[in-house]
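J.: Structure, please.
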Amino acid sequence: MKMHTNFLCALALFFSASFGMLQAQNDENVTTEFGVKGGFNMSNLYNNNADDENILYGFNAGVYATLPISDFIAIQPEILFTTKGAELEYNNAFVSGTGKFKLNYIEVPLLVRVNVTKNFNIHAGGYASYLVSSKVSGDGDFNFDEEINADDLNRFDAGLSAGVGVDFSPISIGLRYNYGLTTIGKERTVAGTTYTVPDAKNSNLSLYLSYKLN
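T.: Sure, this is the predicted structure:
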């Protein structure tokens, strides 16, 4: 809990410093924008050998700011609660059903936004996130719903982000893809053998709606 609190405090300080530094660069033609956003997630896991096509549906919600550098370019930091993970369907001669591996993160994307036209933008950058909870559940011949100790997994995740957005002020819609670079599982050594479970990384496609508050 202490680590979680320190992480949130660091985020607050980061936003305060960013806002003050970039607001000083604004002119009469560009203004800082603040808003709320939320949307729909389609997540899965991948490893170095192959992609996992078992999509887990979830959501994202949070706040954002658009901090102009010029009429066309802005820095866009966000703080989001987002769900990730994967779903596995199994069906054989003995058992059948669906298993879900769910990961809940506080995520901080930091993006460069380019306004291609007045109503259309592209954005790209990176994200860092902190795992707040995780669990596995199953439906079918075996039903279960169990929490996983998040300390048994990598608490921090990071990756690349890119997307597009369409603005209908004060409402905007967008599509974004996050490509994880950090393995979800921790590396362990047992009886001289080193392994990582789960040896996979996050992959997430988000469709979101945002609303400008100012």
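J.: can you give me the helices for this protein?
T.: 2-23 (DSSP state H).
J.: Just checking, which helix or strand of this structure averages the lowest pLDDT?
T.: Within the chain, confidence by mean pLDDT, DSSP states H and E is lowest for helix 2-23 among all helices and strands, at a mean of 50.
J.: where are the low-confidence patches of the chain?
T.: Residue ranges of the chain with pLDDT under 70: 1-30, 48-53, 90-95, 140-142, 189, 191-192, 194-195.
J.: Which stretches in this protein count as strands?
T.: Taking DSSP state E as the test, the strands found in the chain are 33-46, 56-68, 73-91, 96-115, 120-140, 144-148, 156-168, 171-183, 186-190, 193-197, 201-212.
J.: Same list, the ones you listed, but as a markdown table with mean neighbour count please.
T.: (C-beta placed from N, C-alpha, C; glycine too.) Converted to a markdown table, the strands of the chain look like this (neighbours: other C-beta atoms under 10 Å):
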| stretch | mean neighbour count |
| --- | --- |
| strand 33-46 | 18 |
| strand 56-68 | 19 |
| strand 73-91 | 19 |
| strand 96-115 | 19 |
| strand 120-140 | 17 |
| strand 144-148 | 11 |
| strand 156-168 | 16 |
| strand 171-183 | 17 |
| strand 186-190 | 10 |
| strand 193-197 | 11 |
| strand 201-212 | 19 |
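J.: Just grab the bridge partners of Leu110 for me.
T.: Using DSSP bridges, the beta-bridge partners of Leu110 come out as Pro77, Gly126.
J.: Check the gap between it and Gln76 for me.
T.: Counting by C-beta to C-beta, to the nearest Å, the gap from Leu110 to Gln76 is 8 Å.
J.: Give the residues shared as contacts by these two.
T.: Listed as contacting both Leu110 and Gln76 by C-beta atoms under 8 Å, 6 or more residues apart in numbering are Gly125.
J.: give the contact list for Phe40.
T.: Here Phe40 is in contact with Tyr57, Gly58, Phe59, Asn60, Ser206, Leu207, Tyr208 (criterion: C-beta under 8 Å, 6+ apart).
J.: Now flag whichever of these is closest to Pro68.
T.: Minimum distance to Pro68 across the contacts of Phe40 is 20.7 Å, recorded for Tyr208 (C-beta to C-beta).
J.: Tell me how far the closest residue to Tyr127 other than its chain neighbours lies from Thr82.
T.: What sits nearest to Tyr127 in space, not counting adjacent residues and going by C-beta to C-beta, 6 or more residues apart in numbering, is Pro109, at 4.2 Å. Separation of Pro109 from Thr82 (C-beta to C-beta): 10 Å.
J.: Arg155 contacts Ser134, correct?
T.: No. Contact criterion C-beta atoms under 8 Å: Arg155 and Ser134 do not qualify, at 10.3 Å.
J.: re the thing from before, need the contact list for the residue nearest to Tyr127.
T.: Shown in contact with Pro109 (C-beta under 8 Å, 6+ apart): Gln76, Pro77, Glu78, Leu80, Gly125, Gly126, Tyr127, Ser161, Asn178.
J.: Which of these sits closest to Ala65?
T.: Proximity of the contacts of Pro109 to Ala65 (C-beta to C-beta) peaks at Pro77, which lies at 5.8 Å.
J.: Pretty sure the closest one sits against Val63.
T.: No. With contact defined as C-beta under 8 Å, Pro77 does not reach Val63; the gap is 9.4 Å.
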